[in-house]
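>>> Predicted model and sequence below, questions to follow.
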Amino acid sequence: MPRGGAPLVTGVSPKEGPPGTRITIRGENLGKDPKDLNGLLICGVDCLLTAEWKSSSKIIARSGPGKGKGDVTVITKSGGVGSCTVGFKGYHVQIGPLQESAIWIDESQTVNVRRLHTQLPMFSKDDDDPLGISDEGIHAKYKEEELLELFPEGSGNLSLENFSAAWYLLENHHSTSFDDLRAGLAFMKRRASHRSEGPITFVKSNLSSTLDCLESLDAMYQQFCIDDLKGDAVNSYAVLLMQAKSCADGLFQEVLGRKDKADSTRNALSVLQRFKFLFYLPLNIDRNIKRGDYSLVINDYVRARSLFANTQVQVFKKVYNDVEGRINAFRTMLQTKLLELPTPLEEQKKLIRYLISLGCEGDPAWQCLVNQQKWLVGLLTKCKDSHIQEEANSLAEGDTNIVKSPVALAQGRGRDTNASTKTSSEQAGWKSGTPQKIVFVEELTNLMLDNIPDFWKLGQAYFSGSLFINTKETSDKHYKVDTSKHSQFKQMVTDLISLFSNLVRAAFLPESLENIAKETRDSFGKWPCPCSDIPGGWLPSSVRYIRFCVNSLSFLDLPGDSPLILQDLALDIRTNCMFTLLKQAIADVKQLHLKETWTVDTDDESGGTTQLPALFENIVNEAIQHLHEVVVQNKAGEPEIFAQRTIQKDATALCTQLLQAFSPCLHKLAFDPPEVTSKKNKGGKRVISPEDSSAPPPDEGVPPFDKRLIIILSNCNHTMVRVIPRLVENLNKHGYVEMEKALRVAKDTYEDLDDSLFEAYVEEKSNPIVGAIEQNVYKGGFQWKTCKKPTGVRNYIKDMIMKIIEVHAEVFAVSPVFVTRVTQKVIEAVSEELTRLIQCVTEHGPYSPIQARLELLALQETVNMYLTPHASSCYKDALDDLPVLKPEHKKLQEELLNKFKSQMKFQLMCFYGDNILRSSSEA
């Protein structure tokens with residue numbers, strides 16, 4: 001661990017220079033001694049070997065081959081990696097071909113001087129401003145680092161082969177206007193023209209002097225030959241020159257040998273440097289494949305193929321063959337990767353383009369499509385097989401569809417009779433108890449939505465040619481779309497859609513596959529549990545999955561019969577769900593008698609009713625609403641479900657049955673209520689179903705027959721008058737047809753039930769009253785012939801009135817609407833019996849007419865509010881059969897009648913206070 005302070009460089013001198021520049025570094029904590037100095041980085045180059053430690057505040061070193069501005073970092077054992085507040089800028093100086101250098105010079109970037117002179121350049125190396133435009137001193141110049149990022153292979157040096165004009169202009173004239181640049185171009189052209197004409201003009205102007213020189217030289221040679229007496233002076237000079245050359249060669253042979261060796265080495269390095277792309281290509285291919293940069297691999301290969309495919313140089317040929325081997329392995333890897341599924345669509349497109357760019361044999365795009373179609377078929381089949389096996393395993397373990405459907409769970413009306421035996425996991429989780437067919441259709445639709453769009457889009461890209469757009473320039477082999485495969489691809493898509501449809505039909509609508517051969521039908525799946533075992537509440541979930549899948553696939557513009565297959569599937573699933581849920585609702589309504597608690601709730605609108613009419617209405621409305629959301633309501637492009645007459649007719653019949661289903665339930669409760677032994681009293685009987693675990697147990701047993709009749713009569717009336725019209729209105733609002741007909745049929749059904757219940761109740765209540773009249777009239781040996789002078793209304797009339805009041809109170813407590821109707825019928829029965837008894841009297845005594853009239857008038861006055869024409873006629877007939885009273889007898893009758901009214905005023909108030917009730921009932 002470092003124990004001292006971190007090194008800090010605060011000064012560098014000089015601040016810039018070429019490689020090998022002697023640099024003095026000053027700062028703090030630069031090391032305790034030379035051994036403590038562990039590293040020195042100048043512009044990112046390690047310069048520790050040249051470092052000379054002077055003190056803890058001074059180090060002398062030489063810069064390395066770093067280029068650009070960078071940090072000077074000192075690393076010590078005691079202080080670790082340091083920091084700096086200044087930097088050093090390294091740059092490279094152009095070394096001429098005749099200059100000595102202690103480091104290796106890349107001569108590939110050096111201008112050939114002889115070629116430079118022979119080509120007569122437009123400007124020399126010493127030209128500071130070839131455009132003749134002064135440098136803008138007041139504008140900030142681009143930094144060298146920024147220019148290197150823009151032009152990594154360029155340079156602004158006019159003497160280098162990689163000279164970039166854009167670099168030079170940005171570095172020196174980035175703020176110059178376009179007009180000035182155009183003027184500078186004209187200046188450079190004029191200057192080049194003058195330079196090219198200079199030597200020619202010089203020769204022309206000095207042609208005579210040149211000829212004079214040549215003549216003088218020829219004269220000198222002639223004179224030299226004359227003066228050469230021996231005649232071998234020229235040869236001796238040549239020998240001397242050859243000897244001098246040999247001596248020079250001997251002296252410089254070693255130097256020249258070293259030079260030749262250096263030249264050959266330099267040439268080899270130059271070749272390696274110039275063709276390093278090819279020599280590094282195998283390593284770069286492996287490295288880029290590992291990094292996943294396939295585009296760079298292909299671009300490098302295409303470039304190498306264009307340059308070295310037909311080379312005759314053995315070294316290049318050997319390296320290129322190695323490249324070809326690696327590319328073959330790379331091509332095989334891409335083909336394997338393309339056939340591995342699942343793969344994202346864009347990745348598949350990239351792999352296909354890569355293979356095409358590499359000149360892969362065959363048609364990789366079509367091979368990918370065929371392989372993906374086979375893979376999808378296997379995927380759908382595997383999904384079907386796995387869920388069939390799961391259902392078979394559940395069936396073997398006895399774990400069938402015992403959980404409540406989501407609709408039943410939401411409504412609190414599940415039909416599971418073993419609710420108390422369910423495990424907590426089945427009750428808690430949605431998926432834990434979901435029927436396998438529902439899970440199957442969810443997974444199947446997800447597979448279709450995840451794969452079919454990509455499969456279709458890949459096929460579209462193949463036949464539109466977009467897969468080959470980016471490969472025409474990089475591949476020697478130009479691929480053409482095989483249009484003959486277009487129909488084959490359409491058939492592949494249609495086969496996938498048909499398979500999906502048949503798999504769903506085999507699970508939910510096996511009867512729709514009866515026209516298919518048995519072997520083919522069995523290949524779509526033989527489910528262990530019949531479709532009828534699926535709780536109706538789960539079917540809307542399957543409809544949602546199917547409709548969403550069909551709607552999503554419809555945007556792909558699928559070919560052929562595929563859209564029609566999907567539309568037929570969605571319509572059949574919707575229809576099946578609607579019929580199943582309606583039938584399930586009918587079954588639920590028919591079982592409502594098991595939920596009766598006989599608790600009467602009274603309100604001003606409905607009178608007294610139990611919970612059954614509300615439960616009936618809730619069941620129907622929830623079924624309607626649920627069907628509207630997932631079945632009846634049409635989405636874009638879907639056919640109207642009621643457009644077909646057969647579906648319309650069946651739906652209307654089921655809706656009519658649903659509206660009528662409550663009538664048998666009421667009839668059963670009135671005349672044959674379900675009875676079950678109470679847990680508290682095993683000998684008693686109570687109305688509660690063992691299947692109804694959610695219904696609260698009643699406090700009492702089954703009400704008496706007459707009480708049941710009036711309660712059920714009130715329920716029937718409320719259902720007929722209010723519930724049924726509201727339900728029909730709701731059905732009409734949700735698009736169900738011919739509901740007026742269903743309303744008429746339902747009303748007729750409930751009117752027949754109402755008449756039956758009313759007649760039974762009136763008979764039940766009037767029979768005891770009527771049956772006791774005759775016995776009470778002649779009670780105590782009373783005879784009309786020997787009747788004594790009346791002292792008041794006899795008790796049997798009062799008892800009769802009290803019994804009528806009891807009926808009145810019982811009906812009023814349950815449903816005030818029926819008070820008038822029931823009371824009138826009871827009074828009619830009483831009046832008929834009294835008239836019969838009066839008409840049967842053969843002989844009257846002197847006071848019997850008074851007694852008879854008094855009792856008839858007392859009863860008539862009491863129930864006057866409820867007298868019907870028939871009852872009034874009966875009283876009139878009875879009074880007409882009695883003898884006419886004398887005046888004194890009439891007075892006695894009036895007195896006794898007033899006395900009766902005074903005594904019975906409280907009882908009579910029960911009838912006289914019913915004016916409002918009577919008027920509302922008549923209305």
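That came through fine. Numbers count the residues shown, from 1 in each chain.
>>> can you map out the strands along the stretch 401-550 of the chain?
Applying DSSP state E, counting those that start in this stretch to the stretch 401-550 of the chain gives no strands.
>>> Who are the packing partners of the lengthiest strand in the chain?
Secondary structure of the chain per DSSP state E: the longest strand is strand 68-76. Helices and strands touching strand 68-76, by 3 or more Cβ pairs under 8 Å, 6 or more residues apart in numbering; DSSP states H and E, are strand 8-13, strand 22-28, strand 37-42, strand 83-84, strand 87-90, helix 144-150. Yep, even glycine has a C-beta here, placed from its N, CA and C like the rest.
>>> could I get the ones you listed as JSON lines with mean neighbour count, mean pLDDT and distance to H734?
Formatted as JSON lines, those follow (neighbours: other Cβ atoms under 10 Å; pLDDT from 0 to 100; distance: least, Cβ to Cβ, whole Å):
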{"stretch": "strand 8-13", "mean neighbour count": "17", "mean pLDDT": "92", "distance to H734": "83"}
{"stretch": "strand 22-28", "mean neighbour count": "18", "mean pLDDT": "91", "distance to H734": "87"}
{"stretch": "strand 37-42", "mean neighbour count": "21", "mean pLDDT": "90", "distance to H734": "81"}
{"stretch": "strand 83-84", "mean neighbour count": "16", "mean pLDDT": "90", "distance to H734": "78"}
{"stretch": "strand 87-90", "mean neighbour count": "20", "mean pLDDT": "88", "distance to H734": "80"}
{"stretch": "helix 144-150", "mean neighbour count": "14", "mean pLDDT": "74", "distance to H734": "68"}
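>>> okay, these in CSV with distance to I298 next?
Shown next, in CSV, are these (distance: least, Cβ to Cβ, whole Å):
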stretch, distance to I298
strand 8-13, 46
strand 22-28, 46
strand 37-42, 38
strand 83-84, 44
strand 87-90, 37
helix 144-150, 26
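>>> Quick check: what element follows the longest strand of the chain along the chain?
Sequence order places strand 80-81 as the next helix or strand after strand 68-76, per DSSP states H and E.
>>> In its sheet, which strands sit next to that next one, and in what direction?
Using DSSP bridges, strand 80-81 pairs in its sheet with strand 68-76 (antiparallel).
>>> Quick one: mean pLDDT over the partner strand.
For strand 68-76, mean pLDDT is 89.
>>> Ok, stretch 268-276 next?
Mean pLDDT, computed over stretch 268-276, is 79.
>>> list the contacts for N551?
K635, A636, G637, E638 (Cβ atoms under 8 Å, 6 or more residues apart in numbering).
>>> Next, work out how far apart the closest residue to Q611 other than its chain neighbours and T610 are.
Sequence neighbours aside, T597 is the residue nearest to Q611 in space, at 6.6 Å (criterion: Cβ to Cβ, 6 or more residues apart in numbering). Between T597 and T610 the distance, using Cβ to Cβ, to the nearest Å, works out to 7 Å.
>>> More neighbours: which of the two?
T610 (21 against 17; other Cβ atoms under 10 Å).
>>> Make sure that one is actually in contact with W598.
Yes - the pair T610 and W598 passes the contact test of Cβ atoms under 8 Å, sitting 6.4 Å apart.
>>> Spit out the residues that contact these two alike.
Shared contacts of T610 and W598 (Cβ under 8 Å, 6+ apart): I711.
>>> ok, now how distant is R726 from A329?
77 Å.
>>> scratch that, T50 is what I was asking about
46 Å.
>>> Low-confidence regions, the stretch 201-350 of the chain specifically.
Low-confidence segments of the stretch 201-350 of the chain, defined by pLDDT under 70: 229-234.
>>> Do you know the pLDDT at the closest residue to Y875 other than its chain neighbours?
Taking Cβ to Cβ, 6+ apart, and ignoring the residues beside it in sequence, Y875 has Q860 as its nearest neighbour in space, at 5.1 Å. Turning to Q860, the model gives it a pLDDT of 83.
>>> try N112
For N112, the predicted pLDDT is 46.
>>> cool, W53 as well?
Here, the pLDDT recorded for W53 equals 91.
>>> Show me what the strand or helix carrying it is packed against.
Per DSSP H and E: W53 is located in strand 52-55. If you count contacts as 3+ Cβ pairs under 8 Å, 6+ apart, strand 52-55 packs onto strand 58-62.
>>> What pairs with the strand it packs on, parallel or antiparallel?
strand 22-28 (antiparallel), strand 52-55 (antiparallel).
>>> Ok, which of these comes nearest M909?
Nearest of the strands paired with strand 58-62 to M909, taken as Cβ to Cβ: strand 22-28 at 116.9 Å.
>>> C-alpha coordinates for that closest one, PDB please?
Extracted in PDB, the C-alpha atoms of strand 22-28 (Å, rounded to 0.1, in the frame of the first residue of the first chain):
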ATOM      1  CA  ARG A  22      14.900  16.000 -23.400                       C
ATOM      2  CA  ILE A  23      12.300  17.000 -20.900                       C
ATOM      3  CA  THR A  24      12.700  18.400 -17.400                       C
ATOM      4  CA  ILE A  25       9.800  17.400 -15.100                       C
ATOM      5  CA  ARG A  26       9.200  19.300 -11.900                       C
ATOM      6  CA  GLY A  27       6.700  18.700  -9.100                       C
ATOM      7  CA  GLU A  28       6.000  17.200  -5.700                       C
END
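>>> buried set for the strand or helix carrying K374?
Assessed by DSSP H and E, K374 sits inside helix 364-396. Across helix 364-396, burial judged by 16 or more other Cβ atoms under 10 Å covers 364-369, 372-373, 375-376, 379-380, 383-384, 387-388, 391, 394-395.
>>> on that earlier part again, give me the PyMOL select line for the contacts of N551, limited to the buried ones.
Only the buried entries of the contacts of N551 go into this PyMOL selection, using 16+ other Cβ under 10 Å:
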select buried, resi 638
